[in-house]
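**Q** would you be able to build a 3D model of this:
(chains A and B)
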Amino acid sequence: MSGSKRASTNAHQTDIGVTPTDLTLPVALFSTGWQTALHRPPKITVHAQEIAGTRPGVVSLDLRGKPLKVSRFVFASDPSTTADFMGEWGGHKSASPPRRKKRDRTKPATRITPPAHTIKLEERLWYLLQPSLEELLSEASLRLPFDPFPYQIAGIAFLFPRYAAVLADEMGLGKTMQAITALRLLLHAAQLRRVLLICPKPLVTNWQREFSVWAPEIPLNVISGNAQQRAWKWNHPQAVLTIANYELVQRDHALLHDTPHPYDLVLLDEAQRIKNRKGATASAVRAIPRIRSWALTGTPVENSIEDLVGIFEFVAPGQLDDQMRATQMAKRVSDYVLRRTKDQVLTDLPPKLVRNAVIDLTPSQRESYRKAEEEGTVRLSQMGAHANVTHVFELILRLKQICNFDPLTDESAKADHLCAKLEEIAASGKKAIIFSQYVVTLEKLFTRLSGIGAVQYHGKVRPRIREQVLHQFCEDPSTHVILMSYGAGSVGLNLQVAEYVFLFDRWWNPAVEDQAINRAHRIGVAGPVTVTRFLAQATIEERIDEILEQKREIFESIFSPQGSGPKNMGLSQQEIFGLFSLHSPQGPISGAA
Amino acid sequence: MRMSNLMDKNRLGFLTIATDPSQARIGGLLLVNASGRPLEFHCTAAVKPNRAQEILYGPTLGEYLCGEQIGMALCDAIKHHSSLMLTDIPEVLALRPMVEFPLLMVVTEKNKQQKLPSQVIQSTQGENMVCVQTAYEKDLLAVEAILQGMAAVLDLEEPFGRIHEAISEAQGGIRKQKVA
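**A** Below you'll find the model as predicted:
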């Protein structure tokens, strides 16, 4: 502010009564430098700062991972081309797949399970991946004339995957049908190409008949004729299923063993025929080159468990030996053997009523019996240690024949009883089978029974006539009785027209008797089957019967692991000698060493 | 897209997926002929999604695993080619855009309870109900023609049971081989 302006202010203030003060202040001027500074450009220091930073790392995740490992199984053949065997024999392959009938899905499906000893994974998978048997059998090309029973489906499922098998169902349960259907399925699946079926001679026509019912499309090649004819048939390159009997297999074994290609399957019927391992038949059969081995038998153990060892020498060599105990054997065979009994599976089958008819010998028979037993026993006692089983058997044979017919008078209490029963049976229009061990007995009975229509079927009847005899018995309403020997008539025949079975005399072991009875008591029987076993009272027959009843359980000890019965099915030497309580001055006679 | 011009009318494929106790998935494929008999069988190793896949695929994990990974690996393994593929796993339907043959899902008691993928059409084939993706509705016509040429009353559900058994058997057999 200038001094002049300051003075005027002071004058104003005097007017109002304020003492003026000298406000003149010393003023000094100094330079602040502001003017220079204001004109000077500002000094700006620039520092560059990196704010972007380093590029962040990237983690890549391969979400797809490694390529997935796949196990591949391509099965060997396409079963849609399996009808080749039909084309070669004059049949024709259908152009389109066969139409399947609708399956009842409420019924359980039977799956094929590979046996425990199937090791190869691909093979196990092939069996597991098969459709159910019911599905397979519903195909038009595999249709069956009758619906199988559920246990038969299970039997077919058992056989199908097995290279070694024994089907040991009780007689009358349809082993034939199960075997035919199983091999038919394998043929259709191209798993088989050449099959050999070996059976007893009397059953060849039976098998032909069964094939015509259950597998009519399979061409059969039956070995018969002279050596040249047989050789041609054995060597037929296109034979699909060859049927031969045991005798011809043994006779032509050289031809069989020299074959360039093994059989895909060899099937034995009544396989107990090879139970004797050292026999020529067993040797010939075992030597046949083959891939699969199946055996059918209702009596795998006829006399002793060694019989089963003999069969297994064919089915699975080395699997069994005769030093094994029954329980050990049962474990070893469990995956190879299937056995069902009628009680287990055919609860709907009419019952089998078995009864003993205890007969009093006629006075003349009793006298003859007494004399023969006395003389025979004395003779055996005198022989002492030189007496052997053969001598005892001779005596037993004689006594049993007396129980049937008196050798002097031809009287027979059994025959009298039998004839009375048969008259009733014939009058009611029914039929009966009579079994005897002796052809002589059968011939005598035939004479007595001619009035009620009887026929004979035993070793003396020519093979050519046997079929006619069977046909007559089954079809002719006026033929009510068939007289059969155990040997000729106990295997394989279907006689379910008969509702009565008479065992005029007893066989040595119950298995053969059961087989005989089951000619009648089997699938298809119309009603209950009554079995009458004749026993002459107070004779050796009663004593044998007691022992055989005890032996019946032995059979089950093989097939139920808990059992541990004796090894021998038949009578041991001790038991045979025990029938007569034989004693010498030196003590009990137990037979020559 | 899987290239195939081999429309063999006699070969039917069945594809399913089993889950093992550790929740890993194992795929199995069975190829059968006109009679339902087995021609080929293929099965995968066990597959389990890792954590990253679980997070990143989210709700589409099932389709990726079952369809793209397992399904594709099995279809690539087929030797004889299939004219038709059936599955009982809804997620496998996601495979359809990647293959040339018709792919249908058979409705079973088990998968009825599950949520079906969106965009599917249901139809009846014989005694079975089947599903296809909406975009592939033509597959229904194709399958009818193909099934007519096969067994008329083929049970479309039954083969899946066989595959599950075979998967168990194969896994056991493969483990034994590794030990040996």
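**Q** and the residue in the stretch 151-300 of chain A that chain B sits nearest to, how many residues sit next to it?
**A** Chain B sits closest to A:Ala189 of the stretch 151-300 of chain A, with a gap of 6.7 Å, by C-beta to the nearest C-beta. Every C-beta, even on glycine, is put in place using the N, C-alpha and C of the backbone. Counted with other C-beta atoms under 10 Å in any protein chain shown, residues neighbouring A:Ala189 total 18.
**Q** hang on, A:Gln472 packs against A:Thr479?
**A** Yes: using C-beta atoms under 8 Å, A:Gln472 makes contact with A:Thr479 at a distance of 5.3 Å.
**Q** what is in contact with the two at once?
**A** Common contact partners of A:Gln472 and A:Thr479 (C-beta atoms under 8 Å, 6 or more residues apart in numbering or on different chains): A:Val455.
**Q** neighbour-wise, which of those two wins?
**A** The residue with more neighbours, out of A:Gln472 and A:Thr479, is A:Thr479; 19 against 15, by other C-beta under 10 Å.
**Q** quick one: A:Pro477 is in a strand?
**A** No: under DSSP: H, G, I helix; E, B strand; the rest coil, A:Pro477 falls outside any strand and is assigned coil.
**Q** OK, contacts around it?
**A** Here A:Pro477 is in contact with A:Gly429 (C-beta under 8 Å, 6+ apart).
**Q** need phi/psi at it.
**A** Main-chain torsions, A:Pro477, degrees, to the nearest 10: phi -70, psi -20.
**Q** swap in the one 3 residues further on?
**A** For A:His480, the backbone dihedrals are phi -110, psi -10 (criterion: degrees, to the nearest 10).
**Q** show me the shaky parts of the stretch 401-550 of chain A.
**A** Residues of the stretch 401-550 of chain A that meet the criterion pLDDT under 70 lie in A:489-493, A:509, A:520-526, A:550.
**Q** which stretches in it count as strands?
**A** A:432-436, A:454-457, A:481-485, A:500-503, A:529-536 (DSSP state E, counting those that start in this stretch).
**Q** closest to chain B out of the ones you listed?
**A** Closest of those to chain B is strand A:529-536, at 40.1 Å (criterion: C-beta to the nearest C-beta).
**Q** any chance you could list what contacts the closest one?
**A** A:350-361, A:365, A:369, A:403, A:413-414, A:417-418, A:421, A:498-506, A:513, A:517, A:520-521, A:541-542, A:545.
**Q** parallel or antiparallel, list what pairs with that strand.
**A** Applying DSSP bridges, strand A:529-536 is found paired with strand A:352-359 (parallel), strand A:500-503 (parallel).
**Q** and that strand with strand A:432-436, angle?
**A** Using axes from the mean of the first three to the mean of the last three C-alpha atoms, to 10 degrees, the inter-axis angle of strand A:529-536 relative to strand A:432-436 is 30 degrees.
**Q** ok now strand A:529-536, how far from the chain's centre?
**A** 32 Å (C-alpha atoms, centre = their mean, to the nearest Å).
**Q** separation between the closest residue to A:Cys419 other than its chain neighbours and A:Leu422?
**A** Using C-beta to C-beta, 6 or more residues apart in numbering or on different chains and skipping residues adjacent in sequence, the residue nearest A:Cys419 is A:Arg448, 5.9 Å away. Separation of A:Arg448 from A:Leu422 (C-beta to C-beta, to the nearest Å): 9 Å.
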